[in-house]
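Enquirer: Provide a 3D model corresponding to the input given below.
(4 chains)
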Number of protein chains: 2
Amino acid sequence: MKTRNCETATAGRMDTEQMAGICKALGHPTRIKIVEYLIDINTCVCGEIVNIFPFSQSTISQHLKLLKESGIVCGEVEGPKTYFCVDRDVLERFKACIRDL
Amino acid sequence: MKTRNCETATAGRMDTEQMAGICKALGHPTRIKIVEYLIDINTCVCGEIVNIFPFSQSTISQHLKLLKESGIVCGEVEGPKTYFCVDRDVLERFKACIRDL
DNA sequence: TTAATATATCGTTTATAGACGATAAACGAT
DNA sequence: ATCGTTTATCGTCTATAAACGATATATTAA
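Expert: I've put the predicted structure just below:
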């Protein structure tokens, strides 16, 4: 399995809007668990997550979409699959914002 | 001005539900700014916040209610006023959860 | 007792979230 | 070209959020 990186690299301080967007994305237990899982496993496809949670494929896909929109997660399409991973840079900047509260 | 403390002291690890609840509460720019303000100024009444933001008193009151429900903020009624402050213990435990992601 | 002040709640409107099943879209294999 | 696999999107329903004005509640001051 390849190591994937989102390489967003929008360095600098995260503004309140983006911070709120990530908080909102993390504002659901299932999405927090998805992010924790992605952090652990580094990269995985949607189907893996569907197998872990008691929700339908469409629901998990929707959660992943919201996570992607916030910037904390990114997806890389490869053939019929999409590999999801946490954007480490965004995560670190988000963690810095919370740390500095 | 007195120093107020919420003294919740529900020590121990924060569970995913509560963590998600706080993230959700912080999932709005205005509420993040309210929390930042409360951290800085330690304690203040609703009216002060109303004066800072371009929203109505009822809207700010509603934001404060959501923050209180999440546990990150508490309010202490004193006469006709309510003094709001951040629950430092909850904040620290929340920060620890994010740090350990 | 009444008036003024401070906050909370109610009712309304519009928008978004959360869940689902069904279906579409993209690709690999046969 | 079709089939199976994987993911995304659509449509629907119900619930909650976000904002407001109006009103209720609680307390202090006059």
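Enquirer: what does stretch A:28-46 contact?
Expert: A:1-4, A:25-26, A:48-49, A:52-53, A:55, A:57, A:60-61, A:63-64, A:66-67, A:72-73, A:81-86, A:91, B:16-17, B:19-20, B:23-24, B:101 (Cβ atoms under 8 Å, 6 or more residues apart in numbering or on different chains). C-betas here are computed from N, CA, C, even on glycine.
Enquirer: swap the cut-off to 7 Å and go again
Expert: The contact list for stretch A:28-46 (Cβ atoms under 7 Å, 6 or more residues apart in numbering or on different chains) reads A:1, A:3-4, A:25-26, A:49, A:52-53, A:55, A:60-61, A:63-64, A:66-67, A:72-73, A:81-86, B:16-17, B:19-20, B:101.
Enquirer: which of the residues in that stretch are buried?
Expert: By neighbour count on 16 or more other Cβ atoms under 10 Å in any protein chain shown, the buried set for stretch A:28-46 is A:28-35, A:37-38, A:43-44, A:46.
Enquirer: same deal with stretch A:69-76?
Expert: Buried, per 16+ other Cβ under 10 Å, within stretch A:69-76: A:Ser70, A:Gly71, A:Ile72, A:Val73, A:Cys74, A:Gly75.
Enquirer: Dump the residues you listed to CSV, plus distance to A:Gly12 and pLDDT.
Expert: Listed next are the buried residues of stretch A:69-76 as CSV, based on distance: Cβ to Cβ, whole Å; pLDDT from 0 to 100:
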residue, distance to A:Gly12, pLDDT
A:Ser70, 18, 97
A:Gly71, 14, 96
A:Ile72, 17, 97
A:Val73, 20, 97
A:Cys74, 19, 95
A:Gly75, 24, 93
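Enquirer: ok, which stretches of chain A are strands?
Expert: Assigned by DSSP state E, the strands in chain A fall at A:44-45, A:73-78, A:81-86.
Enquirer: Out of the ones you listed, flag the one nearest B:Cys97.
Expert: Smallest distance to B:Cys97 across these (Cβ to Cβ): 15.7 Å, for strand A:81-86.
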